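Novice: Make a model of this:
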Amino acid sequence: MPSSTFEALKKLRKNGIRLFVATGRPPNNLKVIQDCFEFDGFLTSNGQYCFNHEVVIHEKYIEREDIRNLLPYINKNQIPVLFVEINGNYSNIQNYCLDEAARSLNKEGYPIKAVNEIIESKIIQLMAYIDETKDSERLSYMPNCKSARWTSLFADIIPIDGGENKGIDQMIKHYQINLGEVMAFGDGNNDIDMLKHVGVGVAMGNANDLVKAASDFVTDTINDDGIFKALKNLN
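Specialist: Predicted coordinates for the structure are as follows:
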C-alpha cells in the first residue's frame, strides 16, 4: 500500500470517517490487510460475509441445490472450482490454473473435498476457473446465482441477490449511515454494482471503461497516489 494511502486513511480516521474494506476475497484471506491498518469492518466475498471486530453483520450462502446441480457438470468437464467457506477454501479437483499470486500463497494446492462433503458445506462463494464464453452455460446449472467476474482467469459466483452493494446496505444499516454519505473505490467488474450504488463511486485509473462509466469520478492508479488524489479533489 503506498504511503499516500496510509496518510489518506489516517486523515479520514482523524475526521471521524469509518473505513471498510470491500473485496471479492474471502474472510480467511484478509490477514495481510488486517495487519497493516485497523479498518472498522470488512465486506468480503463480494459482500456475502460482512463483519467488524465484534460481530458478524451479514452472511449469505449459496443454495445447496445449486451446488448439487453444478458438481456433475464441473467434474465431468474437469473444471477446477474453488469453494469458499468462512474458515477455508478447497477444490473439487487439483487446480493448476491458479495465477502467480495464488500459487505463491498456496504452493501445495488447495485441499480436495469429496462431492458429498461439498454438498453439505456452507459455501459463501465459488471461484470457477472457466472461460468467459462458458459463463452462461455454467450458470444454467445455478439459477440462484450470478457471476461477478473481475479477471479472465476465473469467475466469482455469488447468490443472485447478493453483491457488494447488498453488503454495503447491511453495513450502513448496522452503523446508521446514510447511503449518500458513502464513498467507494473500485477497479474491477465486480465493483460496478457497488460504484453505482453509493453516494460517490470512484474508479481507479487502472479500471476498464465499464468500471469507469459506472463511477462518479476517475482517479489515478493506486501506485500513482490515486486514493489520496481522489479524496483531496473531492474534499
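
Novice: can you pull the contacts of L71?
Specialist: N92, V115, I118, I119 (Cβ atoms under 8 Å, 6 or more residues apart in numbering). Where you see a C-beta, it was placed from the backbone N, CA and C, and this is true even at glycine.

Novice: change it to 7 Å
Specialist: N92, V115, I118 (Cβ atoms under 7 Å, 6 or more residues apart in numbering).

Novice: Where does pLDDT dip in the chain?
Specialist: 94-109 (pLDDT under 70).

Novice: Repeat the analysis, applying 80 as the threshold.
Specialist: 94-111, 114-116, 152 (pLDDT under 80).

Novice: how about the helices in it?
Specialist: Using DSSP state H, the helices of the chain run over residues 3-14, 31-36, 64-76, 100-105, 115-119, 135-139, 164-175, 192-197, 209-213, 226-233.

Novice: sorry, back to before: buried members of the contacts of L71 into PyMOL, please.
Specialist: Filtering the contacts of L71 down to the buried ones (16 or more other Cβ atoms under 10 Å) takes a single PyMOL command:
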select buried, resi 92+118
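
Novice: Using JSON lines, please lay out the contacts of L71 together with distance to R18.
Specialist: Listed next are the contacts of L71 as JSON lines, based on distance: Cβ to Cβ, whole Å:
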{"residue": "N92", "distance to R18": "38"}
{"residue": "V115", "distance to R18": "42"}
{"residue": "I118", "distance to R18": "36"}
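
Novice: now, which of the contacts of L71 sits nearest I172?
Specialist: Taking Cβ to Cβ as the measure, I118 is the one of the contacts of L71 closest to I172, at 33.6 Å.

Novice: pretty sure the closest one contacts E85?
Specialist: No. Between I118 and E85 there is no contact under Cβ atoms under 7 Å: 10.0 Å.

Novice: domain ranges for this structure?
Specialist: Domains of the chain are assigned by the TED database as 3-60+163-234, 64-159.

Novice: what about the first one, how long is it end to end?
Specialist: Between the opening and closing residues of domain 3-60+163-234 lies a distance of 19 Å (Cα to Cα, to the nearest Å).

Novice: so how far is it off the chain centroid?
Specialist: How far domain 3-60+163-234 lies from its chain's middle: 11 Å, per Cα atoms, centre = their mean, to the nearest Å.

Novice: Check the last one too.
Specialist: On the basis of Cα atoms, centre = their mean, the separation between the geometric centre of domain 64-159 and that of its chain is 14 Å.

Novice: I'd like the numbering to begin with 29 instead of 1 from here.
Specialist: From this message on, residue numbering opens at 29, which makes the last subject domain 92-187.

Novice: tell me the most buried of the helices of the chain?
Specialist: For those, average neighbour numbers computed from mean count of other Cβ atoms under 10 Å are highest in helix 220-225, which has a mean of 21.

Novice: Which strands or helices does that one pack on?
Specialist: If you count contacts as 3 or more Cβ pairs under 7 Å, 6 or more residues apart in numbering; DSSP states H and E, helix 220-225 packs onto helix 192-203, strand 211-214, helix 237-241.
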